[in-house]
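Asks: Please work out how this folds:
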Amino acid sequence: MTTMDPMEEDTDMRQRREIAGGWARNVARPGLGALTALATMVLAGCDVDSILDVEDPDKATVEDIQDPANLPAVRAHAVGEFQVAYAGRGAGQDNSFILFSGLLGDEYEASGTFPTRVEVDRRNIDVANSTTQTTFRLMHRARIAAQRSAEAFGEHEPGTRPHAEAHVLAGFMYNAFGEMYCSGVPFSELPPGESPVYGDPLPTDEIFQEAASWFSEGASLATGAGAENEVHAAAIGQARALLNLGQYDQAAALVTDVPTDYSFQIFHDGATGRQWNGMWNFINNVQRWRIPDRAGGNGLPYRSDGTEVDPSGNIIEEGDPRIVWFHDGVGFDTSVEQFSQMKYPTRETPTPVATGIEARLIEAEAALNQGDQATFLAIHNDLRATEGLEPFTDEEAAGLGHDGLVDLHFKERAYWLWQTGHRLGDLRRLIRQYDRDSEEVFPSGTYHKGGGFGSVARGSHVDPCLDGADPGGEVHEPPFSGKQAHAGRGQGLSAGDTVACQRAVVDQRGHGQGGEKVAHLGFSRGDAQRNAFARGYGDGARWLGGTAVGEAVETAAGGLKPVEHCRFEIGDRVDTRGNRGQFSQNLGGWGEGRAIGGLPCKQRAAPGGGVEAGDRGREGLATGPRGIVDRRAH
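Replies: Numbers count the residues shown, from 1 in each chain. All right, here's what the predicted structure looks like:
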C-alpha cells in the first residue's frame, strides 16, 4: 500500500534531491545565455562588486524555518530524521532504534569490533558509552523535527495530511523511547533561535501516555483530512502504546478497521548513504551485526527455525519463510561467523513501521488476556495461512496452558515483526506484564564472543534497558535538581521487610521484581522518587542517592548497615571543608559531607575506593561546583 512518501502530494517536494538530507537545496546553474547577459551588464558599467553580494542558500535561518513557503522542506526534514533514527542509514553507520533495540534483545548479535556495541549486546554497558549517546541524540533529533513539523503545519496548513503525519511520527518516537529506555527519560525542547528548554524526566507509563496522545491527535487530523494512510498508522501506533500500558481491550478496539495487508513504511534510496536501509547496511554490507540462534542459550532459534538460503536467495534448507538468512563468511571482527539476513536484501528495501499484521497480533493478545482461546488461535492461524504455515490445533493449545500460550504468542510476534523494532519492547512487557524473570526472557547463558552476559543494562537487572536519564551527559546537560516523580501504581512496600538478595530492586512503580522481598529502602506505595528511578542496588539505592535516616540496607558483602543521619540528592549543597568527600554515584566508594543546614552524613555509593574532596575520577572531580552534587557527581 502507499505509505509515508512525502513526494506524492507536494509539487514543491519534487525540487528536492534528497528526502533524508535535511533542508532542501536546488540551485540552478546559469546557462550560456545567462553568462552572456552577465558579461553585457559588466561591460555596460555595472558595479562589479555587487555581483558577489548573494544570499547563501546552504544556511537555514530561523526565518527560513518559519516561512510557510518552506513547509515542504520542514516536512522532508522530519521524515529524514525519523528514517535515520528509526531505521538507520549508511553514512556514519549510526545505530538506529531498530538496530540498537534488537541488539539489546535477542534479534541481533555483535559481529564487529566496537566495544561500545559489544557492551550493549552483553548488557554490561559503561556509563560513558558513546554509542548509546549517539542513538539517544538521533532519536531526540527525530522527535523534535516531527514536533517542529507539527507546529509549522499547525500554524500555516492546519488539518492537512502533513499535519497529521507529523503527529504520527512524533508518536512513534515517543513510543520508541518508552520501549528502549529505562524509566526517567527527559524530553527537552529546542525552540528555533532560543535557548534550550530542559524537560522533566518522565516515568515509562507517562512516556507511553504521551505517545498515545500524539497518535490520538494525529488520527483526528488524518480523519478530517481524509488521509486513510495516516488514520491507520495512528490507530496502530496508539494501540501499540496502549498495549505497552497493559490496556489490551482498548488497544484491540483501535485497530479493528486496519486491513491486514496495510503497511506504513519508510522508503529508502540508493542515492546517498543517508538514505540507505540501516539493517541491510549493518548486517549485510559492513557485517557489524549478525542473526543469532538461541542467543545466550535461551534466545529464540531464529536460524534453526528459519529458511537458509545462499547469498543469491536460492533455498538451501526450507523453514519458516518469515526468517530468511544466509551464511556470509566471517564478521567484521574476523573471529565469528557471519549470518546475514534477507528481510532487507538491498539498501533500498523499505522498512515497515506499522502493519496490519501487527494490528491482528494486538487483537490476538487481547483475546488471550480475555481467555478467548478460540479467537486467539483463529487470528494466529489466519495469519499463518498467508505464508503457508501449519495451523495451531486446539489440542496443542490445550496442552500449553496460559503461560505456554503467552510464549507461543510472543514467539509469533517475534517472527512476524522480525527486525522492525518490536522485540525489545515485547521482552520488557513479558517481565512487566506477564511476571517473567529477566534471566528467563533475555539471553543469559554463554556469550558468543566468550564470557557471559551482564546483569544490568544501565538500569535494573530485572528490566534490561538503556538509561535515558543520563546517557553520558551530553544531551540534557543541566542537572535535574529537585525533580521528583511519583512511584504510582503498584504493590506497596514497607520498611522492615528482609532483603532476600544482594541486589535489592524496586521498580519505578514501587514494587519488587523477581519475587524478592525488598525493604529497608523506605519506599511505600506512592512515594516520590528522584528521576522516577527506584532501583536499589543493595548498598543504599544508588540511583536514588540513599535511604532515609536510620534505615538499614543490606550490603553487597552481606549483613545490614545503618545509614547515618541523611542522604545526598541531586542538587543538594554540601560542605566539603575539612577534606570531606562528596557523595558520588559514579565514582564509587564512601562519601562524607555535611548537608547545608543539616547533620553530618555518611553514604555508601558503590564498591570502590574512598572519594575525598579534590580527588579525580573517571567522571571528573569528586567535588561539585560550589559544593553542589550534580548528576555526573563532579
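
Asks: my guess is Q209 contacts L245, does it?
Replies: Yes - using Cβ atoms under 8 Å, Q209 is in contact with L245, at 7.2 Å. Where you see a C-beta, it was placed from the backbone N, CA and C, and this is true even at glycine.

Asks: And the pLDDT for the closest residue to E155 other than its chain neighbours?
Replies: For E155, ignoring the flanking residues on the chain, the nearest one in space by Cβ to Cβ, 6 or more residues apart in numbering is P68 at 7.9 Å. The per-residue pLDDT reported for P68 equals 92.

Asks: who's in contact with P68?
Replies: A152, E155, H156, E157 (Cβ atoms under 8 Å, 6 or more residues apart in numbering).

Asks: Drop anything exposed from the residues you listed.
Replies: By the neighbour-count criterion of 16 or more other Cβ atoms under 10 Å, those include these buried positions: A152, H156.

Asks: closest to D269 among the contacts of P68?
Replies: Nearest to D269 among the contacts of P68, counting by Cβ to Cβ, is A152 at 24.4 Å.

Asks: just the strands in the stretch 301-450 of the chain please.
Replies: Shown for the stretch 301-450 of the chain, the strands assigned by DSSP state E, counting those that start in this stretch span residues 306-309, 315-317, 320-330, 337-341, 351-355.

Asks: a markdown table for these, including distance to D407, mean neighbour count and mean pLDDT?
Replies: What follows is the strands of the stretch 301-450 of the chain, written out as a markdown table (distance: least, Cβ to Cβ, whole Å; neighbours: other Cβ atoms under 10 Å; pLDDT from 0 to 100):
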| stretch | distance to D407 | mean neighbour count | mean pLDDT |
| --- | --- | --- | --- |
| strand 306-309 | 18 | 20 | 98 |
| strand 315-317 | 25 | 11 | 97 |
| strand 320-330 | 16 | 18 | 97 |
| strand 337-341 | 24 | 21 | 97 |
| strand 351-355 | 22 | 24 | 98 |
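
Asks: Which among these is found nearest to A219?
Replies: The closest of the strands of the stretch 301-450 of the chain to A219 is strand 351-355. By Cβ to Cβ, the value is 12.3 Å.

Asks: max-length helix in the protein?
Replies: helix 130-156 (DSSP state H).

Asks: what's the following helix or strand after that one?
Replies: helix 161-180 (DSSP states H and E).

Asks: and that next one, what does it pack onto?
Replies: In terms of contacts (3 or more Cβ pairs under 8 Å, 6 or more residues apart in numbering; DSSP states H and E), helix 161-180 is packed against helix 71-87, helix 97-104, helix 130-156, helix 204-225, helix 228-244, helix 423-432.

Asks: Quick one: find the helix or strand in this protein with the lowest mean pLDDT.
Replies: With mean pLDDT, DSSP states H and E as the measure, the helix or strand of the chain carrying the lowest mean pLDDT is strand 484-486 (a mean of 23).

Asks: I'd like the distance between the closest residue in space to I291 that isn't next to it in sequence and V62.
Replies: Spatially, and ignoring its direct neighbours in sequence, I291 is nearest to F339 (4.5 Å; Cβ to Cβ, 6+ apart). Distance, F339 to V62, using Cβ to Cβ, to the nearest Å: 48 Å.

Asks: And F410, by the same measure?
Replies: Plainly put, F410 is 47 Å away from V62 if you go by Cβ to Cβ.

Asks: Quick check on the two: which one has the bigger neighbour count.
Replies: Between F410 and V62, counted using other Cβ atoms under 10 Å, F410 has the larger neighbour count: 21 against 11.

Asks: pLDDT score for the more buried one?
Replies: pLDDT, read off for F410, is 98.

Asks: how close does it sit to R429?
Replies: According to Cβ to Cβ, F410 and R429 sit 8 Å apart.

Asks: Same check on E210?
Replies: Distance, E210 to R429, using Cβ to Cβ: 18 Å.

Asks: go on, V84?
Replies: Taking Cβ to Cβ, one finds V84 at 26 Å from R429.

Asks: the more surrounded of the two?
Replies: For V84 and R429, the more surrounded residue by other Cβ under 10 Å is V84, and the numbers stand at 24 against 20.

Asks: I'd assumed R274 was in contact with the more buried one.
Replies: Yes - V84 lies in contact with R274 (Cβ under 8 Å); the separation is 6.8 Å.

Asks: How many neighbouring residues does H448 have?
Replies: Using other Cβ under 10 Å, H448 is surrounded by 18 other residues.

Asks: what's near enough to touch it?
Replies: With Cβ under 8 Å, 6+ apart, H448 has these contacts: E109, P292, A295, V336.

Asks: for the second one, phi and psi?
Replies: Comment: the main-chain dihedrals of P292 come out as phi -90, psi 180, following degrees, to the nearest 10.

Asks: Just give the number of residues close to it.
Replies: Neighbour tally, P292, other Cβ under 10 Å: 23.

Asks: mind listing what L377 touches?
Replies: Taking Cβ under 8 Å, 6+ apart as the criterion, L377 is in contact with P391, F392, D394, A397.

Asks: Quick check: it vs Y415, distance?
Replies: 16 Å.

Asks: Over to R274?
Replies: Computed with Cβ to Cβ, the distance linking R274 and Y415 is 30 Å.

Asks: about what we covered before: can you redo the contacts of L377 as JSON lines with pLDDT, neighbour count and distance to I283?
Replies: Shown next, in JSON lines, are the contacts of L377 (pLDDT from 0 to 100; neighbours: other Cβ atoms under 10 Å; distance: Cβ to Cβ, whole Å):
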{"residue": "P391", "pLDDT": "97", "neighbour count": "13", "distance to I283": "32"}
{"residue": "F392", "pLDDT": "96", "neighbour count": "18", "distance to I283": "30"}
{"residue": "D394", "pLDDT": "93", "neighbour count": "11", "distance to I283": "39"}
{"residue": "A397", "pLDDT": "93", "neighbour count": "17", "distance to I283": "35"}
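
Asks: is it possible to export those to a markdown table including distance to F136?
Replies: As requested, the contacts of L377 are exported to a markdown table (distance: Cβ to Cβ, whole Å):
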| residue | distance to F136 |
| --- | --- |
| P391 | 43 |
| F392 | 40 |
| D394 | 47 |
| A397 | 41 |
